[in-house]
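>>> Got a predicted model here, sequence first, then my questions.
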Amino acid sequence: MTTEAYSVPPVYTIAGIGPYAIPHEYQDEREFAASVVAGAAYIDLTNDDFNVTPAGPASAGNLFLTAPAALLHAGSWLVIRRRTNVEQGWQGMFGAREKGLEVQLDRLTQALQEQADLAKSSIVRARGETWTVELPPLQSGRSLIARQDGDGFEYGPNAAEIAGAADQAALARGAADEAQDVFNNLLDTYMGGRPVDPVANASGGALVPGNLYFNTNVSEMRVWSGPVLGWIVVQSDAATFMQRGQNLADLVNAATARTNLGLGTAATTAAAAYATALQGAKADTALQSVPGLTPAQAVDPNSTVNRGVSGQTLAQAIAAYTAPFTTTDIIPAQEYRGTFAHGLGVRPTRMLLTARCIVPHAGYAIDDKVHFSPGIYDGATAQGLNLAEDATDITVGIYRLYVRHKTTGIGGGAWVEITAVPASWRLNVLAWR
């Protein structure tokens with residue numbers, strides 16, 4: 001038959017006995033090799049594990065696994081290779097020319113046989129892999145390792161480095177063994193929490209003086225003193241350690257302890273030296289005594305006796321300090337900007353604008369008020385209010401102000417522009433310290 005292009009069988013995943021297609025021609029059904037890829041290892045199957053049909057010569061065929069082989073290697077990869085026996089059967093029968101051709105064919109066949117034998121001991125790229133087969137030039141004493149990106153090989157550690165790594169591994173193993181011994185000794189010395197006194201150490205060996213464990217029934221540490229006294233309770237020296245029941249009375253030097261804790265003189269000053277509840281809960285807010293006044297008069301904000309330099313009562317002084325600054329009346333305009341000195345002495349912490357009705361409008365009566373916070377509103381209306389402040393002045397910027405009708409505008413209704421009706425409204429800005 002005529003030999004066609006060699007179509008390599010794909011790598012199959014084993015799922016049952018087959019068939020597993022062989023898409024190329026072959027001369028003999030016995031000239032096949034099958035391997036199973038398990039992890040990083042190739043396992044060659046024997047002729048008893050599979051068979052090929054039909055018998056050769058054939059243009060294509062199928063490989064079938066035996067049931068035990070299919071079950072054993074289920075899920076692994078199956079690699080099928082043709083292993084054609086390289087032999088030459090043509091014999092020159094008519095003259096020296098044909099005899100010379102026979103010799104030449106014999107030599108080519110022998111060379112192919114030699115190459116096939118050499119290929120068996122060479123590096124073989126797995127089917128489907130595309131990494132570079134070419135190896136870098138060999139260097140004396142240096143190994144080759146697979147590249148990190150998987151594309152071929154590169155130089156690895158040299159012989160000295162490998163030997164050094166082996167030495168370090170031996171040292172690490174020795175250190176690990178020593179650490180394990182120390183750990184085992186520690187477990188034998190301190191045996192952890194147990195409900196009863198142990199009769200042997202954690203390894204099952206004899207107890208030695210100094211073995212420790214914590215008795216979980218009575219919550220105490222015990223130490224093995226020897227066969228005479230056995231397990232005894234670990235106790236602290238009362239002269240060295242403080243006892244809970246003493247409530248710090250067993251401090252050697254109370255003054256030094258107060259200094260270390262940073263308590264200062266507050267820990268030794270009598271209670272009478274500090275503000276009473278009537279004067280104030282804290283010393284920094286306590287009211288000092290006032291000559292000629294009883295304590296009740298001194299703290300009474302409405303007392304007519306307790307007058308300051310200004311002649312105000314305490315309540316009046318507080319009210320004056322906390323009262324907001326209010327600008328003079330602002331006549332509404334669709335666009336307005338003005339600056340007012342607030343006289344608060346500090347930057348205001350809160351501001352708002354109040355619209356006061358002076359002529360009934362949109363359901364509002366005289367002296368009804370509507371409050372506005374700074375902001376830009378761009379919904380059903382285009383309006384904006386800007387209030388800027390510093391330690392001395394307040395700057396007011398207005399671009400139209402709208403309200404809902406007082407009675408019909410609840411939950412909806414048309415907006416009414418109050419800045420378009422200056423005769424009905426007056427505006428004021430309030431600012432607080």
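Yes, it's here.
>>> In this structure, where is pLDDT below threshold?
The model of the chain has pLDDT under 70 over residues 1, 120-133, 236-241, 274-317, 320-321, 376-381, 410-413.
>>> what are the ranges of the strands in the stretch 301-433 of the chain?
Per DSSP state E, counting those that start in this stretch, the stretch 301-433 of the chain carries strands over the ranges 325-326, 335-341, 350-357, 369-372, 375-378, 382-389, 393-399, 402-404, 415-417, 425-432.
>>> before we move on, what SS does residue 162 have?
When classified by DSSP: H, G, I helix; E, B strand; the rest coil, residue 162 comes out as helix.
>>> Excluding covalently adjacent residues, which one is nearest to it?
Take residue 162 and drop its neighbours on the chain: the residue closest to it by CB to CB, 6 or more residues apart in numbering is residue 143, 7.0 Å away. No exception for glycine: its C-beta is placed from N, CA and C like everyone else's.
>>> returning to that earlier point: quick one, which of the strands of the stretch 301-433 of the chain is nearest to residue 53?
Closest approach to residue 53 among the strands of the stretch 301-433 of the chain is made by strand 375-378 (83.4 Å; CB to CB).
>>> out of the strands of the stretch 301-433 of the chain, nearest to residue 151?
Nearest to residue 151, of all these, is strand 375-378, at 61.6 Å by CB to CB.
>>> thinking again about what came up before, tell me, how many neighbours does the residue nearest to residue 162 end up with?
13 (other CB atoms under 10 Å).
>>> Can you tell me how far it is from residue 16?
Residue 143 is 42 Å from residue 16, where distance means CB to CB, to the nearest Å.
>>> for residue 185, same thing?
58 Å.
>>> Now residue 33: which helix or strand?
Element membership for residue 33, per DSSP states H and E: strand 32-38.
>>> So what touches that strand?
The contact list for strand 32-38 (CB atoms under 8 Å, 6 or more residues apart in numbering) reads 11, 14, 22, 26, 42-45, 49-50, 52, 63, 73, 76-83, 126.
>>> Please enumerate the helices of this structure.
For the chain, applying DSSP state H gives helices covering 67-72, 95-120, 159-189, 254-261, 295-299, 314-322.
>>> out of those, nearest to residue 2?
Across those, closest to residue 2 is helix 95-120 (CB to CB), at 18.3 Å.
>>> Verify the stated contact: the residue nearest to residue 162 with residue 157.
Yes. Counting by CB atoms under 8 Å, residue 157 is a contact partner of residue 143 at 6.1 Å.
>>> From the contacts of strand 32-38, list the buried ones, please.
Buried members of the contacts of strand 32-38, scored by 16 or more other CB atoms under 10 Å, are 14, 22, 26, 45, 49-50, 52, 63, 73, 76-80, 82.
>>> quick one: which of those is nearest residue 214?
Closest approach to residue 214 among the buried ones among the contacts of strand 32-38 (CB to CB): residue 76, at 53.8 Å.
>>> could you list every residue that touches the closest one?
Listed by CB under 8 Å, 6+ apart, the contact set of residue 76 reads 13, 14, 36, 37, 38.
>>> distance of the last one from residue 163?
Spelled out, it's residue 38. Counting by CB to CB, the gap from residue 38 to residue 163 is 32 Å.
>>> next one: the second one
Distance of residue 14 to residue 163, given as CB to CB: 42 Å.
>>> Could you list the buried residues of stretch 206-221?
Those would be 207, 211, 213, 215, for stretch 206-221 by 16+ other CB under 10 Å.
>>> Please look at the last one and residue 197 and confirm they touch.
Yes. Shown here, residue 215 and residue 197 form a contact pair, counting by CB under 8 Å, at 7.5 Å.
>>> which neighbours do those two share?
Listed as contacting both residue 215 and residue 197 by CB under 8 Å, 6+ apart are residue 222.
>>> State the pair within the buried ones among the contacts of strand 32-38 that is farthest apart.
The span of the buried ones among the contacts of strand 32-38, defined through CB to CB, is set by 26 and 76 at 23.8 Å.
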